[in-house]
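>>> what's the 3D shape of this:
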Amino acid sequence: MTDHPAPAGVPTCYRHPGRESHIRCQRCDRPICPDCMRDAAVGFQCPECVATGRKETRTGRTAYGGLRPTNASVTSGVLIAVNAAVWIAIMVTGGSGSRLVDLLGLRPSGLCLVGNGGYDVPEALCTAQGGSWLPGVADGAWWQLVTSGFTHVTITHIGFNMLALWMIGPQLEMVLGRTRFLALYLVSLLAGSTVVMWAAGEYQLTLGASGAIYGLFGALIIVARRVGGDMRALWGLIIVNVLITFAVPNISWQGHLGGFVGGVLATGILVYAPRRHRAAYQALGLVALVAVLAIGAVARIAQLS
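Here you go, the predicted structure:
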């Protein structure tokens, strides 16, 4: 076969520079000619990506560098067990009136309850006057940024969240690997909490795993887009959940929005990281994202203090 120089501005095969090419490798996005096209699950891949994929399959790696789990339900099962354990502890210690709700739920600023009123006073003055102190992040209860995502009161709240986690979690764990999936979940949770700190009421209590769950919704969109999957059913699911967010009272749109954006960003880092030194790029990207979220939370704490 004789190669002739392609017209200027026309994409050419990366392995055969003289051959015009309008097809790109689904994995590395480099242009490939018919001789270099290899059938893949979606579209075509170049010979190098096919060889890399075979190597990753042999070593038990996912397409994005994670270890392929033998049971993709384990991490979701553990997360569900932790949420269930916290819910049971709340139920046996008073339900909605449990002290655990005030300790674990997210409240941007602490509040002193005296009789039927709430007052913005220091904890020491509150307890000295016989009031009940409800801790907040700005007053030192920084753990609430994470623990709020494992805290539920009503059976319907935890039920819907855990059902969504059980349905979506294993799919993403199979695609990303266990460690990356867990990182995605926790980053989404923290992103939801950070937006709550800025956009929710200063003394408003927010709790539930919904921020992390919406992060998984966002992750599904990015993964589906990356592999060229049919996204119509997924968009329908997202639209229904958005409608529920604003139609049902007492749902934290702030946590949902923050979790969704956090999931989109975290998954983008994981699936679009360059193949060369992929793990390093993924780790640095996630660390940078967590640092931005932490700075945002600290800035809000400083503003409220």
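>>> Show me which parts of the longest helix along the chain are buried, residue by residue.
Secondary structure of the chain per DSSP state H: the longest helix is helix 278-304. Using 16 or more other C-beta atoms under 10 Å as the test for burial, helix 278-304 gives 281-282, 285-286, 289-290, 293, 296-297, 300-301. For the C-beta atoms, the positions are set from N, CA and C on the backbone; glycine is no exception.
>>> Show me which of these is closest to residue 122.
residue 301 (15.7 Å; C-beta to C-beta).
>>> For the residue nearest to that closest one when sequence neighbours are not counted, list the residues it contacts.
Spatial nearest neighbour of residue 301, excluding adjacent residues (C-beta to C-beta, 6 or more residues apart in numbering): residue 138 at 4.8 Å. The contact partners of residue 138, taken as C-beta atoms under 8 Å, 6 or more residues apart in numbering, are 108-110, 300-301, 304-305.
>>> Dump the residues you listed into CSV; add distance to residue 16 and pLDDT as well.
Shown next, in CSV, are these (distance: C-beta to C-beta, whole Å; pLDDT from 0 to 100):
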residue, distance to residue 16, pLDDT
108, 60, 95
109, 64, 92
110, 67, 88
300, 55, 95
301, 58, 94
304, 61, 90
305, 63, 80
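>>> re earlier: give me the distance from the longest helix of the chain to the chain's centre.
13 Å (C-alpha atoms, centre = their mean, to the nearest Å).
>>> Who are the packing partners of that helix?
For helix 278-304, the packing partners by 3 or more C-beta pairs under 8 Å, 6 or more residues apart in numbering; DSSP states H and E come out as helix 178-199, helix 253-271.
>>> Residue 127: neighbour count?
Neighbours of residue 127 under the rule other C-beta atoms under 10 Å: 12.
>>> tell me the mean pLDDT for the helix or strand containing residue 51?
Taking DSSP states H and E as the definition, residue 51 sits inside helix 47-58. Averaged over helix 47-58, pLDDT sits at 73.
>>> The chain should start at 25 in everything you say after this.
Understood, numbering begins at 25; the last thing we discussed is helix 71-82.
>>> next structured bit after that helix?
Heading C-terminal from helix 71-82 (DSSP H and E), you reach helix 98-116.
>>> Spell out which residues make up each domain of this protein.
As given by automatic domain parsing, the domain ranges for the chain are 25-83, 98-112+165-328.
>>> Mean neighbour count, these: which tops it?
domain 98-112+165-328 (a mean of 19; mean count of other C-beta atoms under 10 Å).
>>> before we move on, back to that, as TSV, the domains of the chain with distance to residue 138 would be great.
Listed next are the domains of the chain as TSV, based on distance: least, C-beta to C-beta, whole Å:
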stretch	distance to residue 138
domain 25-83	61
domain 98-112+165-328	14
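>>> residues in contact with residue 89?
Contacts here follow C-beta under 8 Å, 6+ apart; on that basis residue 89 touches 80, 201, 204, 297, 302-303, 306.
>>> returning to what we had before: which stretch in the domains of the chain is the model least sure about?
domain 25-83 - the lowest mean pLDDT of the domains of the chain, at a mean of 76.
>>> and stretch 89-97, how far apart are its ends?
19 Å (C-alpha to C-alpha, to the nearest Å).
>>> Could you list the buried residues of it?
Quick answer for stretch 89-97 (16+ other C-beta under 10 Å): 89-90, 92-93, 96.
>>> How about residues contacting whatever helix or strand residue 198 lives in?
If you go by DSSP H and E, residue 198 is part of helix 179-200. Contacts to helix 179-200, defined as C-beta under 8 Å, 6+ apart, come from residues 86-88, 90, 92-93, 96-101, 103-104, 107-108, 111, 176, 205, 208-209, 232-234, 236-237, 240-241, 243-244, 247, 291, 294-295.
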